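Novice: Got a predicted structure here, sequence first:
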Amino acid sequence: MTYQAWTTPTAPPLAPQVLHDHITAWRMAVFGAAILVILVFSQAWVFPLLGDAGNPAMDVVVRNLYFPAYGLVLFLAALTPLSVTLAAIRQPFLITLMLIVGLSITWSIAPDMTMRRVIAIYATTLGGIVLGARYRWAELAEVLGTAFAILGVIAFIVPLAVPSIGVMHELFPGAWRGVWPEKNAMGGIMALSFAILSGAAMLNPQRAKIWWGFAALSVVLILMSTSKTSLVSVMLGFGVLIFVTLVRRSPAVGVATVWLAVLGVGAVAFVAIFASDLVFKALGKDATLTGRTEVWTAALRLIEQRPWTGYGYAAIWDDEDRWAPLAKIVKEAGWRPHHPHNTWIETWLGLGVFGLASWGFCFLQTLTLALIAAFRNPGAYLALPFLVIYGLQSLTETVAVTYNDFRWVIFVAIAIKLVWPDREVRTPPGVI
């Protein structure tokens, strides 16, 4: 593999990405710090600490255990402050979104809680910016891939060694959940894992067999979780990976592939709209998506009361007062949710119209750049499959603008990387 193969003519003139000639202890330490950030934000350690019933006494401990990750993020940012700053400036919608998150303290129904969580989301977002600004596409894929490989091995071992933690017993008995609260959580994370690991394989052909092996483990874990939605997500992600491979072969093949993709998306949309019952049956879901639609309806009624500002960032879901907005959602939905199971509703609920618009434009810009990259940049092997699966998950889960969540870290890293192209410059070993 040559260095020129990964160099783009549109690279930024300032603060280029650095290519080192040799592996050093310092580089390995920085690489390990980046992986540790991802692992902490994966929350894979939270459920084993709290258990099924939860443990209020451990809540403060869990919250404090994120501080080492915040410290590592600041450490990594301090190594390349100019790159981090310049890369962030290239994502104005992300900056606007974070400004609105901070301003929401002024209208939050729980300003002290919002204040604490604003600090957390800023640290989480900075983690993504640092990763996107510091690493080339191939390196970023291996940083993320290493973290997911570790999580995959843990998620495979725990159900076998400690089934009381790794296997569900009451709801969906026998389904694997690894080190997360329920099977769909593990399935969704493993779907993203497949996208990341397959991207790492495509971008690092010299280690492709290793990454494909871990990608296969992700699929095995999805099968053991019995999550049909996650299995569909993996199939979709694999299809997108094939799409990127084909459009990069030649202009003629690219045009034909795009047309086939448009026809395929149209056919899926037609079935989803006009034969939704078949879709629900295939996924093993009912028309309420396991009660999600009731929560959406209740949340939208609350939004009608404060559509412009919302209720403040992350301010609703822990307020147990009988007159609080959460009480209205619980009464109307008939059960107690911990989030609205929809990224778009959650953003509107907390940040109002302008927050929703900022997130929408940020996602649209990132997805558009990933589609363009499919024709011009090998980084699309990592970016596009992840974004498609992530976008699908955003419809039924809260995965964006979420504090202490590695899915948001990865989205931000990819969003930054798409506007901060690779530029490699040889430097002496050990130079940052």
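Specialist: Looks like it arrived, so ask away.

Novice: lowest average confidence, helix or strand, in this protein?
Specialist: For the chain, using mean pLDDT, DSSP states H and E, the weakest element among its helices and strands is strand 424-427, scoring a mean of 40.

Novice: any idea how far residue 218 is from residue 97?
Specialist: For residue 97, the distance to residue 218 equals 30 Å [CB to CB, to the nearest Å]. Heads up, the C-betas are built off the backbone N, CA and C, glycines and all.

Novice: which one of the two has more residues nearby?
Specialist: A side-by-side neighbour count of residue 97 and residue 218, using other CB atoms under 10 Å, places residue 218 first with 28 against 25.

Novice: Next, the buried residues of whatever helix or strand the more buried one lives in.
Specialist: Using DSSP states H and E, residue 218 maps to helix 208-225. Neighbour-count burial for helix 208-225 flags 210, 211, 214, 215, 217, 218, 219, 221, 222, 224, 225 (criterion: 16 or more other CB atoms under 10 Å).

Novice: Give the other helices and strands that it contacts.
Specialist: The contact analysis (3 or more CB pairs under 8 Å, 6 or more residues apart in numbering; DSSP states H and E) places helix 208-225 against helix 137-161, helix 183-203, helix 228-247.

Novice: next helix or strand past the top helix by length along the chain?
Specialist: Longest helix of the chain, by residue count under DSSP state H: helix 343-376. Following helix 343-376 in sequence order, the next helix or strand is helix 380-393 (DSSP H and E).

Novice: quick one: that following helix to chain centroid distance?
Specialist: Helix 380-393 sits 9 Å away from the centroid of its parent chain (CA atoms, centre = their mean, to the nearest Å).

Novice: Residue 40 versus the nearest residue to residue 367 once chain neighbours are set aside, what's the distance?
Specialist: In space, residue 367 comes closest to residue 387 once its chain neighbours are excluded; the distance is 5.4 Å by CB to CB, 6 or more residues apart in numbering. Using CB to CB, residue 387 is found at 23 Å from residue 40.

Novice: Tell me which residues touch residue 419, please.
Specialist: Residues counted as contacts of residue 419 (CB atoms under 8 Å, 6 or more residues apart in numbering) are 87, 90, 91, 369.

Novice: next one: residue 90
Specialist: For residue 90, the contact set (CB under 8 Å, 6+ apart) comprises 416, 419, 420.

Novice: for residue 244, same thing?
Specialist: In this structure, residue 244 makes contact with 374, 380, 381, 384, 385, judged by CB under 8 Å, 6+ apart.

Novice: Tell me the one of these nearest residue 152?
Specialist: For the contacts of residue 244, the closest approach to residue 152 (CB to CB) belongs to residue 385, at 16.6 Å.

Novice: The closest one: neighbour count?
Specialist: The criterion is other CB under 10 Å. On that basis, residue 385 has 30 neighbouring residues.

Novice: correct me, but it touches residue 240?
Specialist: Yes: contact status for residue 385 versus residue 240: in contact at 4.5 Å, counting by CB atoms under 8 Å.

Novice: ok, residue 353 to residue 308 distance?
Specialist: Relative to residue 308, residue 353 is positioned 5 Å away (CB to CB).

Novice: more crowded one of these two?
Specialist: residue 353 (13 against 10).

Novice: Which parts of the helix or strand hosting residue 72 count as buried, going by neighbours?
Specialist: The secondary structure element spanning residue 72 is helix 67-79 (assigned by DSSP H and E). Of the residues in helix 67-79, those buried by neighbour count under the rule 16+ other CB under 10 Å are 69, 70, 72, 73, 76, 77.

Novice: What is it packed up against?
Specialist: Contact analysis of helix 67-79 by 3+ CB pairs under 8 Å, 6+ apart lists helix 25-41, helix 111-134 as its packing neighbours.

Novice: low pLDDT regions in this structure?
Specialist: Low-confidence segments of the chain, defined by pLDDT under 70: 1-22, 53, 268-291, 424-432.

Novice: what about 80?
Specialist: Scanning the chain for pLDDT under 80 picks out 1-23, 52-58, 250-255, 257-291, 320, 423-432.

Novice: Pull the contacting residues for residue 74.
Specialist: With contacts defined as CB under 8 Å, 6+ apart, residue 74 is in contact with 123, 126.

Novice: how much space between it and residue 196?
Specialist: According to CB to CB, residue 74 stands 24 Å off from residue 196.

Novice: Ok, residue 356 next?
Specialist: Here the criterion is CB to CB. By it, residue 356 lies 27 Å from residue 196.

Novice: Might one say that residue 309 is in contact with residue 107?
Specialist: Yes: under the criterion of CB under 8 Å, residue 309 is in contact with residue 107, at a separation of 4.6 Å.

Novice: which one is residue 312 nearest to, not counting chain neighbours?
Specialist: Taking CB to CB, 6+ apart as the measure, residue 312 lies nearest to residue 108, with 2.4 Å between them; neighbours along the chain are not counted.
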